[in-house]
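>>> Quick one: sequence plus predicted model below, questions after.
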Amino acid sequence: MPEMPEVAGYTKYFEKCALGRKIASARVRDARIVRGLAAGELEKELTGRTFVATRQHGKYLFAQTDGGKWLIEHFGMNGRLWYFEDYGEAPKFDRFLISFESGGALSYVNPRMLGWIGLTEDPGGLIEGKGLGPSALDPLFDYGEFKRIFSGRKGEIKPALMNQKLVAGVGNLYADEILFQTRIHPEMHIARLSEKQLKSVFDTMKEVLRTAVERNGDIGSFPQEYFLPHRRKSATCPACENELETVKIAGRTSYFCPRCQKKEPGQNR
């Protein structure tokens, strides 16, 4: 599933392929992917325009045109972007296609139809309307704000990290990495975290996401001491070589090392 680092990669890809280029046509291949307006209206609004800027917030990519409106792209479970020059190379599951006057086309690919596209005049208003928390890698998002958000909350740390209304951009995989590096069990209750542990979660979140962005979300290129290259069935911990275990938390499978991330007595109360 695309998480913040993957969407950061898509943002750079979009900038490389589309920024500063005039749109010859915009074609919606499947109207079910469009939200907030009719497919034909979206096509009309984009045709003849030029992309002039991008913005990312968590798992959302926004691309502004010279008409002032922003294309919204949310990638769902397995969405991605695909640029091509030859129309014979058009990808499977192409849901939305932008063709440029100078040649080439950019496709929004979404096999499972769990993402969506739309238009907005105000990305900030959309972010606020959806109740999204601060973007995890926003330079203005500091520990003071993180502590304010998490202090006094009930429940387990893993689902809280993945809650986009608290912090936007951390998904299942990176939450596992953050908790492994801080040696915190995914079922640990937030109220039982010390000040030092909470600060460690914040600092590690920033570091892990920066590392992932630098590597375009390519887990195979992560440092071998990272958890994610080893996150699979029957794998062993990169720190102690103990076999990893899994647990279902908020409906998602969490991997952890039972030796490095020990449950504390009574931690689930």
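Good, I have the coordinates.

>>> what are the bridge partners for the nearest residue in space to Arg55 that is not next to it in sequence, then?
Nearest residue to Arg55 in three dimensions, chain neighbours excluded: Phe62, at 4.3 Å (C-beta to C-beta, 6 or more residues apart in numbering). C-beta: built from backbone N, CA, C; applies to glycine. Following DSSP bridges, Phe62 is listed with bridge partners Arg55, Ile72.

>>> Surely Phe62 touches Thr54?
Yes. Counting by C-beta atoms under 8 Å, Phe62 touches Thr54, with 6.6 Å between them.

>>> Look at the two and report which has more neighbours.
Applying other C-beta atoms under 10 Å to Phe62 and Thr54 shows that Phe62 carries more neighbours, namely 21 against 18.

>>> Check the gap between that one and Glu245 for me.
39 Å (C-beta to C-beta, to the nearest Å).

>>> just Gly118 next, same as before
41 Å.

>>> more neighbours, the two?
Comparing Gly118 with Glu245 by other C-beta under 10 Å, the one with more neighbours is Gly118, at 16 against 13.

>>> In a strand, the more buried one, correct?
Yes. Judged by DSSP: H, G, I helix; E, B strand; the rest coil, Gly118 forms part of a strand.

>>> could you point out where the stretch 151-269 of the chain is predicted with low confidence?
Applying pLDDT under 70 to the stretch 151-269 of the chain picks out residues 265-269.

>>> Please enumerate the helices of it.
Here the stretch 151-269 of the chain has its helices, by DSSP state H, counting those that start in this stretch, at 157-162, 172-181, 195-214.

>>> Tell me which of these approaches Arg259 most closely.
helix 172-181 (11.4 Å; C-beta to C-beta).

>>> helices or strands up against the closest one?
Contact partners of helix 172-181 among helices and strands, from 3 or more C-beta pairs under 8 Å, 6 or more residues apart in numbering; DSSP states H and E: helix 157-162, helix 195-214, strand 252-256.

>>> tell me the contacts of the closest residue to Leu179 other than its chain neighbours?
Leaving aside its sequence neighbours, Leu179 sits nearest to Pro186 (C-beta to C-beta, 6+ apart; 5.4 Å). Taking C-beta atoms under 8 Å, 6 or more residues apart in numbering, we find Pro186 in contact with 156-158, 175-176, 179, 247, 249, 254, 256, 261.

>>> Can you add distance to Ile149 and give the helices and strands packed on helix 172-181 back as a markdown table?
Listed next are the helices and strands packed on helix 172-181 as a markdown table, based on distance: least, C-beta to C-beta, whole Å:
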| stretch | distance to Ile149 |
| --- | --- |
| helix 157-162 | 9 |
| helix 195-214 | 10 |
| strand 252-256 | 21 |
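
>>> Out of those, which is closest to Ala18?
Nearest of the helices and strands packed on helix 172-181 (C-beta to C-beta): helix 195-214, 19.6 Å.

>>> And the contacts of the closest one?
3-5, 8-9, 136-137, 143, 146-147, 150-151, 157, 161, 167, 169-170, 174, 177-179, 181-182, 184, 193, 222-223, 226.

>>> let's go with 7 Å and repeat that
With C-beta atoms under 7 Å, 6 or more residues apart in numbering as the test, helix 195-214 has contacts from 4-5, 8, 136-137, 143, 146-147, 150, 169-170, 174, 177-178, 181-182, 184, 222.

>>> Make a ChimeraX selection of the buried ones in those.
Buried members of the contacts of helix 195-214, defined by 16 or more other C-beta atoms under 10 Å, are picked up in ChimeraX with:
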select :4,5,8,136,137,146,150,169,170,174,177,178,181,182,184,222
